[in-house]
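this is a predicted model, with the sequence first.
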Amino acid sequence: MEKLSNPQNTIAVIQKYEFAFQKKFGQNFLIDGHVLDKIIAAADITKEDFVLEIGPGIGTMTQYLSEAAGRVLAVEIDKMLIPILHETLAGYENVEILNEDILKVDIAALVEEKNGGKPIKVVANLPYYITTPIIMGLLEQHVPVKSITVMVQKEVAQRMQAQPGSKDYGALSLAVQYYCEPYIAANVPPNCFIPRPKVGSAVIRLTAHREPPVKTEHEKLMFALIRASFNQRRKTLANGLSNAPELTFTKEEITGAIEKLGVPAGVRGETLALEQFAQLANILGGKRT
Ligand code: SAM
(Lines give C-alpha, C1' and ligand atoms only; values in the text may rest on other atoms or scores of the structure.)
Protein backbone atom coordinates (compact mmCIF):
# COMPACT_ATOMS: atom_id res chain seq x y z
CA MET A 1 0.00 0.00 0.00
CA GLU A 2 1.28 3.43 -0.91
CA LYS A 3 2.01 5.99 1.79
CA LEU A 4 -1.13 7.67 3.13
CA SER A 5 0.87 10.79 3.99
CA ASN A 6 0.26 11.62 0.33
CA PRO A 7 -3.14 13.39 0.65
CA GLN A 8 -4.40 11.87 -2.61
CA ASN A 9 -3.98 8.37 -1.21
CA THR A 10 -5.82 9.33 1.97
CA ILE A 11 -8.70 10.79 -0.07
CA ALA A 12 -8.81 7.68 -2.26
CA VAL A 13 -9.10 5.39 0.80
CA ILE A 14 -11.81 7.57 2.38
CA GLN A 15 -13.82 7.57 -0.86
CA LYS A 16 -13.38 3.86 -1.48
CA TYR A 17 -14.80 2.97 1.95
CA GLU A 18 -17.24 5.92 2.00
CA PHE A 19 -15.74 6.70 5.41
CA ALA A 20 -17.64 9.33 7.40
CA PHE A 21 -15.49 11.26 9.89
CA GLN A 22 -16.78 10.98 13.46
CA LYS A 23 -16.48 14.21 15.40
CA LYS A 24 -17.20 12.37 18.65
CA PHE A 25 -13.99 10.36 18.16
CA GLY A 26 -11.83 13.45 17.47
CA GLN A 27 -10.94 12.24 13.98
CA ASN A 28 -8.45 14.51 12.21
CA PHE A 29 -6.09 12.54 10.01
CA LEU A 30 -2.54 13.67 9.28
CA ILE A 31 -1.68 14.31 5.64
CA ASP A 32 1.81 15.78 5.94
CA GLY A 33 4.90 13.59 5.54
CA HIS A 34 7.25 16.19 7.08
CA VAL A 35 5.21 16.26 10.28
CA LEU A 36 5.24 12.45 10.40
CA ASP A 37 9.03 12.42 9.96
CA LYS A 38 9.32 14.92 12.83
CA ILE A 39 7.15 12.77 15.13
CA ILE A 40 9.20 9.63 14.41
CA ALA A 41 12.45 11.57 14.96
CA ALA A 42 11.19 13.19 18.19
CA ALA A 43 10.11 9.79 19.53
CA ASP A 44 13.54 8.41 18.55
CA ILE A 45 12.04 5.11 17.40
CA THR A 46 14.43 2.22 16.71
CA LYS A 47 14.02 -1.46 15.82
CA GLU A 48 14.47 -2.20 19.55
CA ASP A 49 11.23 -0.43 20.37
CA PHE A 50 7.76 -1.75 21.06
CA VAL A 51 5.37 1.09 20.20
CA LEU A 52 1.79 1.58 21.37
CA GLU A 53 -0.13 3.80 18.96
CA ILE A 54 -3.39 5.19 20.33
CA GLY A 55 -5.94 5.90 17.57
CA PRO A 56 -4.28 4.85 14.29
CA GLY A 57 -7.16 6.24 12.17
CA ILE A 58 -6.60 4.88 8.65
CA GLY A 59 -3.00 3.95 9.50
CA THR A 60 -1.06 6.96 8.24
CA MET A 61 1.36 7.18 11.16
CA THR A 62 1.23 3.43 11.71
CA GLN A 63 2.99 2.95 8.35
CA TYR A 64 5.86 5.18 9.52
CA LEU A 65 5.98 3.54 12.96
CA SER A 66 6.05 0.07 11.41
CA GLU A 67 9.08 0.96 9.30
CA ALA A 68 10.99 2.45 12.25
CA ALA A 69 10.00 0.21 15.19
CA GLY A 70 10.42 -3.45 16.17
CA ARG A 71 6.73 -3.93 16.85
CA VAL A 72 3.63 -1.74 16.83
CA LEU A 73 0.36 -2.27 18.67
CA ALA A 74 -2.37 0.07 17.39
CA VAL A 75 -5.54 0.53 19.50
CA GLU A 76 -8.49 2.03 17.62
CA ILE A 77 -12.02 2.56 18.98
CA ASP A 78 -13.88 3.04 15.68
CA LYS A 79 -14.88 -0.34 14.23
CA MET A 80 -15.47 1.24 10.80
CA LEU A 81 -11.71 1.84 10.59
CA ILE A 82 -10.68 -1.77 11.24
CA PRO A 83 -11.23 -3.15 7.70
CA ILE A 84 -9.52 -0.04 6.31
CA LEU A 85 -6.50 -0.60 8.58
CA HIS A 86 -6.27 -4.22 7.42
CA GLU A 87 -5.93 -2.97 3.86
CA THR A 88 -3.64 0.03 4.43
CA LEU A 89 -1.36 -1.99 6.71
CA ALA A 90 -1.29 -5.18 4.63
CA GLY A 91 2.38 -6.10 4.29
CA TYR A 92 3.34 -4.22 7.46
CA GLU A 93 4.03 -7.48 9.28
CA ASN A 94 5.07 -6.08 12.66
CA VAL A 95 1.74 -4.30 13.31
CA GLU A 96 -1.10 -5.64 15.46
CA ILE A 97 -4.49 -3.89 15.48
CA LEU A 98 -6.83 -3.91 18.48
CA ASN A 99 -10.41 -2.61 18.26
CA GLU A 100 -10.77 -1.17 21.79
CA ASP A 101 -11.46 2.02 23.72
CA ILE A 102 -8.04 2.94 25.14
CA LEU A 103 -9.68 4.37 28.28
CA LYS A 104 -11.09 0.92 29.05
CA VAL A 105 -7.90 -1.01 28.39
CA ASP A 106 -5.61 -2.08 31.25
CA ILE A 107 -2.51 -0.83 29.46
CA ALA A 108 -0.04 -2.09 32.07
CA ALA A 109 -1.51 -5.62 31.69
CA LEU A 110 -1.30 -5.26 27.90
CA VAL A 111 2.38 -4.28 28.12
CA GLU A 112 2.97 -7.30 30.37
CA GLU A 113 1.25 -9.60 27.88
CA LYS A 114 2.69 -8.19 24.66
CA ASN A 115 6.15 -7.02 25.73
CA GLY A 116 6.93 -9.04 28.85
CA GLY A 117 6.45 -5.91 30.99
CA LYS A 118 9.46 -4.16 29.39
CA PRO A 119 9.04 -0.38 28.89
CA ILE A 120 7.38 0.73 25.67
CA LYS A 121 7.14 3.96 23.72
CA VAL A 122 3.74 5.54 23.21
CA VAL A 123 3.26 7.53 20.01
CA ALA A 124 -0.05 9.06 18.96
CA ASN A 125 -1.91 11.79 17.23
CA LEU A 126 -4.36 11.91 20.11
CA PRO A 127 -8.11 12.47 19.95
CA TYR A 128 -8.21 15.90 21.63
CA TYR A 129 -11.42 15.28 23.60
CA ILE A 130 -9.62 12.80 25.87
CA THR A 131 -5.98 13.97 25.84
CA THR A 132 -5.76 14.57 29.59
CA PRO A 133 -7.41 11.31 30.75
CA ILE A 134 -5.18 9.32 28.38
CA ILE A 135 -1.95 10.99 29.56
CA MET A 136 -2.94 10.93 33.24
CA GLY A 137 -3.99 7.28 32.92
CA LEU A 138 -0.59 6.31 31.51
CA LEU A 139 1.26 8.24 34.24
CA GLU A 140 -0.83 7.41 37.30
CA GLN A 141 -1.19 3.72 36.49
CA HIS A 142 2.60 3.52 36.24
CA VAL A 143 2.51 1.95 32.78
CA PRO A 144 6.16 1.11 32.00
CA VAL A 145 7.03 3.71 29.35
CA LYS A 146 10.30 5.12 28.06
CA SER A 147 8.53 8.06 26.49
CA ILE A 148 5.19 9.36 25.30
CA THR A 149 5.30 11.39 22.07
CA VAL A 150 1.95 12.85 21.17
CA MET A 151 0.21 15.40 18.99
CA VAL A 152 -2.06 17.47 21.21
CA GLN A 153 -3.83 20.81 21.13
CA LYS A 154 -1.14 23.51 21.32
CA GLU A 155 -2.51 24.99 24.56
CA VAL A 156 -2.40 21.59 26.24
CA ALA A 157 1.26 21.15 25.24
CA GLN A 158 2.00 24.56 26.77
CA ARG A 159 0.21 23.58 29.99
CA MET A 160 2.26 20.39 30.25
CA GLN A 161 5.57 22.25 30.20
CA ALA A 162 4.47 25.43 32.07
CA GLN A 163 6.48 26.67 35.05
CA PRO A 164 5.21 28.21 38.33
CA GLY A 165 3.67 31.66 38.02
CA SER A 166 2.68 31.34 34.34
CA LYS A 167 -1.02 31.37 33.42
CA ASP A 168 -0.74 27.88 31.91
CA TYR A 169 0.69 26.35 35.11
CA GLY A 170 -1.63 23.89 36.83
CA ALA A 171 -2.25 20.36 38.09
CA LEU A 172 -1.46 18.90 34.63
CA SER A 173 1.96 20.67 34.54
CA LEU A 174 2.87 19.27 37.94
CA ALA A 175 1.67 15.73 37.24
CA VAL A 176 3.49 15.57 33.90
CA GLN A 177 6.68 17.06 35.34
CA TYR A 178 6.67 14.74 38.37
CA TYR A 179 6.81 11.72 36.06
CA CYS A 180 8.46 13.08 32.88
CA GLU A 181 10.63 15.68 31.19
CA PRO A 182 8.46 17.51 28.62
CA TYR A 183 9.83 18.85 25.32
CA ILE A 184 7.77 20.51 22.58
CA ALA A 185 9.20 19.16 19.32
CA ALA A 186 7.01 20.94 16.74
CA ASN A 187 4.06 23.22 16.23
CA VAL A 188 1.63 21.90 13.64
CA PRO A 189 -0.92 24.07 11.79
CA PRO A 190 -4.50 22.92 10.99
CA ASN A 191 -3.78 22.46 7.25
CA CYS A 192 -1.68 19.35 8.01
CA PHE A 193 -4.91 17.39 8.76
CA ILE A 194 -8.18 16.42 7.13
CA PRO A 195 -10.60 17.59 8.26
CA ARG A 196 -8.81 20.67 9.60
CA PRO A 197 -9.10 21.04 13.39
CA LYS A 198 -10.25 24.45 14.69
CA VAL A 199 -7.20 24.69 16.96
CA GLY A 200 -3.43 24.71 16.52
CA SER A 201 -1.56 21.54 17.46
CA ALA A 202 1.85 20.65 18.84
CA VAL A 203 3.97 17.53 19.15
CA ILE A 204 5.22 17.03 22.70
CA ARG A 205 7.59 14.35 23.94
CA LEU A 206 7.40 13.30 27.58
CA THR A 207 10.52 11.36 28.57
CA ALA A 208 10.02 9.29 31.72
CA HIS A 209 12.29 10.21 34.65
CA ARG A 210 14.38 7.33 36.01
CA GLU A 211 13.74 8.75 39.47
CA PRO A 212 11.12 11.38 40.34
CA PRO A 213 12.79 14.83 40.52
CA VAL A 214 11.44 15.35 44.05
CA LYS A 215 11.20 12.95 46.95
CA THR A 216 8.05 12.28 48.94
CA GLU A 217 6.65 9.25 50.70
CA HIS A 218 3.25 10.87 50.45
CA GLU A 219 2.67 10.90 46.69
CA LYS A 220 -1.13 10.61 47.00
CA LEU A 221 -1.28 13.45 49.51
CA MET A 222 0.97 15.58 47.30
CA PHE A 223 -1.43 15.20 44.37
CA ALA A 224 -4.42 15.89 46.65
CA LEU A 225 -2.69 19.12 47.78
CA ILE A 226 -1.97 20.04 44.13
CA ARG A 227 -5.59 19.43 43.09
CA ALA A 228 -6.91 21.42 46.06
CA SER A 229 -4.59 24.36 45.30
CA PHE A 230 -5.63 24.61 41.67
CA ASN A 231 -9.34 23.89 42.17
CA GLN A 232 -9.54 27.20 43.97
CA ARG A 233 -7.02 29.17 42.00
CA ARG A 234 -8.01 32.62 43.22
CA LYS A 235 -7.81 31.71 46.91
CA THR A 236 -4.69 31.81 49.03
CA LEU A 237 -3.01 28.44 49.52
CA ALA A 238 -4.17 28.34 53.17
CA ASN A 239 -7.82 28.91 52.25
CA GLY A 240 -7.69 26.56 49.26
CA LEU A 241 -6.35 23.72 51.38
CA SER A 242 -8.69 24.42 54.32
CA ASN A 243 -11.78 24.35 52.10
CA ALA A 244 -10.90 21.24 50.10
CA PRO A 245 -13.32 18.37 50.87
CA GLU A 246 -10.56 15.88 49.98
CA LEU A 247 -8.39 17.10 52.90
CA THR A 248 -9.19 17.14 56.60
CA PHE A 249 -6.37 19.16 58.16
CA THR A 250 -7.27 21.95 60.56
CA LYS A 251 -6.64 25.53 59.55
CA GLU A 252 -3.89 25.66 62.20
CA GLU A 253 -2.16 22.58 60.81
CA ILE A 254 -2.24 24.11 57.34
CA THR A 255 -0.98 27.57 58.33
CA GLY A 256 1.70 25.90 60.47
CA ALA A 257 2.84 23.78 57.51
CA ILE A 258 2.92 26.80 55.17
CA GLU A 259 5.01 28.69 57.72
CA LYS A 260 7.39 25.72 58.00
CA LEU A 261 7.70 25.72 54.22
CA GLY A 262 9.04 29.28 54.54
CA VAL A 263 6.65 31.02 52.14
CA PRO A 264 4.47 34.06 52.97
CA ALA A 265 1.11 33.30 54.65
CA GLY A 266 -0.91 34.80 51.77
CA VAL A 267 0.86 32.83 49.02
CA ARG A 268 -1.22 31.39 46.15
CA GLY A 269 -0.82 27.74 45.23
CA GLU A 270 -0.08 28.57 41.61
CA THR A 271 3.29 30.08 42.58
CA LEU A 272 4.56 26.89 44.29
CA ALA A 273 7.03 24.64 42.49
CA LEU A 274 6.82 20.83 42.48
CA GLU A 275 9.58 20.70 45.11
CA GLN A 276 7.49 22.86 47.46
CA PHE A 277 4.37 20.71 47.00
CA ALA A 278 6.53 17.68 47.86
CA GLN A 279 7.85 19.44 51.00
CA LEU A 280 4.32 20.42 52.01
CA ALA A 281 3.20 16.79 51.60
CA ASN A 282 6.16 15.67 53.73
CA ILE A 283 5.30 18.20 56.47
CA LEU A 284 1.58 17.37 56.50
CA GLY A 285 2.08 13.67 55.78
CA GLY A 286 3.22 13.00 59.34
CA LYS A 287 -0.15 14.27 60.53
CA ARG A 288 -3.54 12.72 59.86
CA THR A 289 -5.18 13.25 56.42
N1 SAM B 1 -3.37 8.45 13.88
C2 SAM B 1 -4.25 8.96 12.85
C3 SAM B 1 -3.57 10.08 12.10
O4 SAM B 1 -2.61 10.63 12.65
O5 SAM B 1 -3.98 10.41 11.01
C6 SAM B 1 -5.59 9.42 13.43
C7 SAM B 1 -5.54 10.45 14.53
S8 SAM B 1 -7.12 11.08 15.03
C9 SAM B 1 -6.65 12.67 15.68
C10 SAM B 1 -7.54 10.23 16.53
C11 SAM B 1 -7.86 8.75 16.38
O12 SAM B 1 -8.16 8.21 17.67
C13 SAM B 1 -9.07 8.45 15.52
O14 SAM B 1 -8.78 7.40 14.64
C15 SAM B 1 -10.15 8.03 16.52
O16 SAM B 1 -11.13 7.15 15.98
C17 SAM B 1 -9.30 7.37 17.59
N18 SAM B 1 -9.92 7.34 18.93
C19 SAM B 1 -10.78 8.24 19.48
N20 SAM B 1 -11.12 7.89 20.72
C21 SAM B 1 -10.45 6.74 21.00
C22 SAM B 1 -10.40 5.86 22.13
N23 SAM B 1 -11.11 6.13 23.23
N24 SAM B 1 -9.63 4.75 22.06
C25 SAM B 1 -8.93 4.47 20.93
N26 SAM B 1 -8.94 5.25 19.84
C27 SAM B 1 -9.68 6.38 19.85
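In hand now; what should we look at?

can you give me the end-to-end distance of stretch 264-278?
Start-to-end span of stretch 264-278 (Cα to Cα, to the nearest Å) is 17 Å.

what's in contact with that stretch?
The contact list for stretch 264-278 (Cβ atoms under 8 Å, 6 or more residues apart in numbering) reads 163-165, 169-170, 174, 177-178, 213-216, 222, 225-226, 228-230, 232-238, 240-241, 255, 258-259, 261, 263, 280. C-beta: built from backbone N, CA, C; applies to glycine.

filter those down to the buried ones and hand me the ChimeraX line.
In ChimeraX, this line selects whichever of these come out buried by 16 or more other Cβ atoms under 10 Å:
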select :169,170,174,177,178,214,216,222,225,226,228,229,230,232,235,236,237,238,240,241,255,258,261,263,280
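
who touches the residue of the chain found nearest the ligand in this structure?
In the chain, no residue comes nearer to the ligand than Gly55, which is 2.1 Å away by Cβ to the nearest ligand atom. Residues in contact with Gly55, defined by Cβ under 8 Å, 6+ apart, are Phe25, Gly26, Val75, Glu76, Ile77, Ile102, Ala124, Asn125, Leu126, Pro127.

which of those residues fall in strands?
Among the contacts of Gly55, the members found in strands (DSSP state E) are Val75, Glu76, Ala124, Asn125.

farthest pair in the residues you listed?
Within the ones in strands among the contacts of Gly55, Val75 and Asn125 form the most distant pair, 13.1 Å apart (Cβ to Cβ).

of these two, which one has the most company?
Ranked by neighbour count (other Cβ atoms under 10 Å), Val75 and Asn125 place Asn125 first, with 27 against 20.

compute the number of surrounding residues for the closest residue to that one other than its chain neighbours.
Closest residue to Asn125 apart from its sequence neighbours, by Cβ to Cβ, 6 or more residues apart in numbering: Met151 at 4.1 Å. Neighbours of Met151 under the rule other Cβ under 10 Å: 27.

doesn't Phe230 lie inside a helix?
Yes: assessed with DSSP: H, G, I helix; E, B strand; the rest coil, Phe230 lies in a helix.

would you confirm that it contacts Ala171?
Yes: at 4.7 Å, Phe230 counts as touching Ala171 under the criterion of Cβ atoms under 8 Å.

so which strand or helix has the residue of the chain most remote from its centre?
Going by Cα atoms, centre = their mean, the residue of the chain most distant from its centre is Glu252, 37.2 Å out. Using DSSP states H and E, Glu252 sits in helix 251-261.

good, we can wrap up now.
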